[in-house]
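J.: Sequence plus the predicted model coming up.
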Amino acid sequence: FVPEYRFIDPVAAAEGNVPSEYASEVALFRSAFLPVLSAVLVSPALGGLKSMLKAFLIQVKTRRIAYTIYERQAESVVTQTKLAEAAMLLDEAQFHQDRLGEDIDRWAESGEYMPYDLRVRARMDIGRALDLCRAAANLIFSLGGGSGIAISNPVQRYFRDIQASNSHPLQMATVQYEIY
């Protein structure tokens, strides 16, 4: 049993109508509902991508690329270029999440509800961040070869988690782009 005072109307909340005795005292309780909900859901994808990149960078030092001249995958210019691209995508995803967080905090501190155009941009920021996380994860995963899909390989676990984070309509980039 969940007491009724613990429920909120999500439609009303999306418009800034959330009854809270703390809203006048604590800025957090004045934050825009959907942007906050989206922002907290992108953090696992960003953290997972950072961990995926870190795990792969450890593996790449000792991996060979079968049927090539490379004794260590880290020596391959293609690998280096793809990892650099993945790192750039991660940086861009982080930018979108940071901008959203700054917007949420600024408007909550002001005491005014975030305007509609910024709430729409907030949804685009999260959709874009998740899209970039998925693109970076795809690049890293593609470098893993056959061993990359092994259940024991942490890289594939991060890959699956990042793919799953893009599955909810509130998080899907294409939905957010259409709204934007």
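T.: Ah, there it is. Numbers count the residues shown, from 1 in each chain.
J.: from here on, contacts and neighbour counts on C-alpha atoms
T.: Fine.
J.: Pretty sure Q171 sits against L130.
T.: Yes. Counting by Cα atoms under 8 Å, L130 is a contact partner of Q171 at 7.3 Å.
J.: Test my guess that G101 contacts V40.
T.: No. Checked against Cα under 8 Å, the pair G101 and V40 is beyond contact range at 9.7 Å.
J.: quick one, which of these two is more surrounded?
T.: G101 (16 against 13; other Cα atoms under 10 Å).
J.: residues touching the residue nearest to that one when sequence neighbours are not counted, list them.
T.: Distances taken as Cα to Cα, 6 or more residues apart in numbering place A39 nearest to G101, at 7.4 Å, with adjacent residues excluded. The neighbours of A39, taking Cα atoms under 8 Å, 6 or more residues apart in numbering as the test, are Q97, L100, G101, I126.
J.: What is the most widely separated pair among those?
T.: Within the contacts of A39, G101 and I126 form the most distant pair, 10.4 Å apart (Cα to Cα).
J.: where do the contact lists of Q171 and L130 overlap?
T.: Contacts common to Q171 and L130, judged by Cα under 8 Å, 6+ apart, are V42, S165.
J.: out of those two, which sits in the busier spot?
T.: L130 (29 against 24).
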